[in-house]
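Enquirer: Provide a 3D model corresponding to the input given below.
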Amino acid sequence: MGSSVRTWSLPKRGLVTVLLALLVSAPLAFAAEGEPTREEYVQRVDVICKKSEKTNSRILKGVKQQIAKKHQFIPAGNRFLRASRSFGRAVKQIARVPRPSADQAKLGKWVKYLGIERSLLQRIGKALKRKLGGKANKLAVQLHRINRRANNTVFSFEFDYCDREVNVG
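Expert: Take a look at the predicted model:
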């Protein structure tokens, strides 16, 4: 019996055709979808902010009393560190959401402010763990200022959840 060699030239051509069609149609599908409008952006990001706000409110609930009345700096510091990690995940998600081109600069500035807020939450947590209440208080004032700048940057977007004051309950 002789060996028969079977060529698969047609399927290879078919595969190449399909790949070329995908390469051509993917950008067209993206262009047809277009960039998000401001309203679409707000809707997508507000969902992230709502979840983050709920989580961090739960984490930080009662932390002021824990510090002021009970002087439990280390457990309070741990809570700020947890809130920082949680908020950091939300900031990463927000940064990945496609932005309307007309708002690129403003939203980029806002996301940078959010990153600073995350960093300040972390620094407050570390200061509390070292029992440096004065330093933590100074950082909390900075957090409040940055939070106001962030909110003022996106005031015109009319977010429901993304432009709220940091709640350190």
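Enquirer: which is the next helix or strand following the helix or strand of the chain with the lowest mean pLDDT?
Expert: One helix or strand of the chain scores below all others by mean pLDDT, DSSP states H and E: helix 9-33, with a mean of 42. Later in the chain than helix 9-33, the nearest helix or strand by DSSP states H and E is helix 38-60.
Enquirer: in that following helix, what's buried?
Expert: For helix 38-60, the neighbour count (16 or more other Cβ atoms under 10 Å) marks 41-42, 45-46, 48-50, 52-53, 55-56, 59-60 as buried. Placement of C-beta: from N, CA and C, glycine included.
Enquirer: Who are the packing partners of that helix?
Expert: helix 73-96 (3 or more Cβ pairs under 8 Å, 6 or more residues apart in numbering; DSSP states H and E).
Enquirer: And for the helix it packs on, what's in contact with it?
Expert: Contacts with helix 73-96, where a contact means Cβ atoms under 8 Å, 6 or more residues apart in numbering, come from 45, 48-49, 51-52, 55-56, 59-60, 63, 66-67, 111, 114-115, 117-119, 121-122, 124-131, 133, 136, 162.
Enquirer: got it, and stretch 53-71?
Expert: 72-73, 75-76, 79-80, 82-83, 86-87, 128, 133, 136, 161, 164, 167-169.
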